[in-house]
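>>> Okay, sequence plus prediction incoming.
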Amino acid sequence: MNTIQIQGKTKIMEVIPPENNNNTFYKIVIPIILSVFAVYLTIGMSLGILPNFIKDELKSGSVVVGVVIGLQSLATLLTRAYAGRVTDTKGARKSSNLGIILVIVTGIFYMATTAFCHHPLPALALIMVSRIVHGISESMLVTGALTWGIGLAGAGKSGKVMTWNGIAMYAGIAIGAPLGIWLQHSFGIQSAFAAIILLSIVAWLSTIGLPVLAPDPSHIRTPFYKIIGKIAEQGLGLAFSSIGFACISSFIALLFISENWGDASIAFMAFGSCYVLTRICFSSFPDRFGGYRVALISLVIEIAGQLFIGFASSREMAITGCALTGVGFSLIFPALGVLAIKKVDSHMRGTALGAYAAFFDLSLGFAAPVAGIIAGWYNYQAVYLFGGVSCLLATVILFIKRKR
């Protein structure tokens, strides 16, 4: 039984477990997935167009690109605790809708940036503000969406909800990057920024008909730092494994340009499509074989993918590396995430999800600037050796925990 709120009135609604009624599960989850997908399209579009825009139009170097890209993840990281608190005390819908509103603000700031193309410093300042707002919006939306979906579908399907939300997230990034590049080349960069605003409206409309889970303010909340302590082992494994993804999202486009391999859209699509297909085909593996076992095998595949890119002698080899990274990274979040939320009570689920995802944000915020420094000192392929070593560290952490 779940408590929901409809038009200001609190009611009791029985949510049929998805294992007994798959139609009910998908009616609940699909609107949330569409909302998350639309917002992550905007994130993918910004990843596709901003590195070249900063480097070519604003005449800035790789370190600046890394810092600007990493700002979004840093902002998401610093607001995870707040997003969890809003979700647990104000409700998942409020958190999700606030995230969507902030994406609209982000699109407006991005649009304003184009007026300063001949003035790099003001343009960079506006882009940095945009990245910060985009990061806060991501924190609010994802925490709200995951908590909303798990609350309506039932805790027994939390892994499945995470899996489908992850599909929406990375499919959005994989499709958004080439979509943004295409819009920029076909209609100008302003059209890509305008599309961010339109997609935000789509995200809001997608969930407008879903019931609202009423928060329970009577429970005593566990401090955020204690939640982090409870899920730190899973969080660290997620953090180090996410660096491979950060390297692809931040520098694969510049690697392709430096090697004269053409448009990097196919690399984003290879990563995203393999990520999505792996989740669809093997989403039950964490439940069947255990989260740690699935995560360890996934990390071995991700390491292979990073090494393929790091030693790539051709465009095809680099694309293969992106595909392997997508396969390896795909199941790590749900495999370790299911273990993480089992460590807290249901009324703290939003905070726990925020804390767990904060490790992902910390990873991206740290990885992009460091990768930029590595690219400046050596070359873009060295970035992916850094990604492979990071995944190896994640493997060591999980192996020690499993053995213990």
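Noted; the coordinates are in hand.

>>> looking at it, Ile319 is touching Ala270, isn't it?
Yes. With contact defined as C-beta atoms under 8 Å, Ile319 and Ala270 form a contacting pair (4.9 Å). Bear in mind the C-beta positions are built from the backbone N, C-alpha and C, glycine included.

>>> Counting by contacts, list what the helix or strand containing Thr395 packs against.
Using DSSP states H and E, Thr395 sits in helix 382-403. Packing partners of helix 382-403 (3 or more C-beta pairs under 8 Å, 6 or more residues apart in numbering; DSSP states H and E): helix 232-258, helix 291-310, helix 315-330, helix 349-377.

>>> Run a quick neighbour tally on Gly61.
12 (other C-beta atoms under 10 Å).

>>> meant to ask about Ile150, not that
26.

>>> can I assume it is in contact with Val161?
Yes. Shown here, Ile150 and Val161 form a contact pair, counting by C-beta under 8 Å, at 5.0 Å.

>>> List the residues that contact the closest residue to Phe359 other than its chain neighbours.
The spatial neighbour of Phe359 that comes closest, neighbours along the chain excluded (C-beta to C-beta, 6 or more residues apart in numbering), is Gly235 at 3.4 Å. Applying C-beta atoms under 8 Å, 6 or more residues apart in numbering, we find Gly235 in contact with Ile228, Leu336, Ala340, Ala355, Tyr356, Ala358, Phe359.

>>> Tell me, how many residues neighbour the fifth one?
Same thing as Tyr356. So Tyr356, with other C-beta under 10 Å, has 29 neighbours.

>>> Without its sequence neighbours, what residue ends up closest to it?
Going by C-beta to C-beta, 6+ apart, Tyr356 has Ala340 as its nearest residue, at 4.6 Å.

>>> That neighbour: what's it in contact with?
Lys230, Ile231, Gln234, Gly235, Ala352, Ala355, Tyr356.

>>> Check the contacts of Gly235 against Ala394 and report the nearest one.
Among the contacts of Gly235, Leu336 lies closest to Ala394 (C-beta to C-beta), at 9.8 Å.

>>> For that closest one, give its distance to Ile150.
For Leu336, the distance to Ile150 equals 16 Å [C-beta to C-beta, to the nearest Å].

>>> which regions of the stretch 51-200 of the chain lie under the pLDDT threshold?
Residues of the stretch 51-200 of the chain that meet the criterion pLDDT under 70 lie in 155-159.

>>> Can you show me the helices along it?
Along the stretch 51-200 of the chain, the segments classed as helices by DSSP state H, counting those that start in this stretch run 62-78, 80-90, 92-113, 120-153, 158-187, 189-206.

>>> Can you add distance to Ser265 and give the ones you listed back as JSON lines?
Shown next, in JSON lines, are those (distance: least, C-beta to C-beta, whole Å):
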{"stretch": "helix 62-78", "distance to Ser265": "17"}
{"stretch": "helix 80-90", "distance to Ser265": "31"}
{"stretch": "helix 92-113", "distance to Ser265": "20"}
{"stretch": "helix 120-153", "distance to Ser265": "21"}
{"stretch": "helix 158-187", "distance to Ser265": "3"}
{"stretch": "helix 189-206", "distance to Ser265": "13"}
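
>>> of the ones you listed, which approaches Leu398 most closely?
helix 158-187 (17.4 Å).

>>> From the contact counts, what lies against that closest one?
helix 22-52, helix 120-153, helix 189-206, helix 265-282, helix 315-330, helix 332-341.

>>> which of the residues in it are buried?
158-184 (16 or more other C-beta atoms under 10 Å).

>>> now stretch 303-311
Neighbour count says stretch 303-311 has Ile303, Ala304, Gly305, Gln306, Leu307, Phe308, Ile309, Gly310 buried, by 16+ other C-beta under 10 Å.
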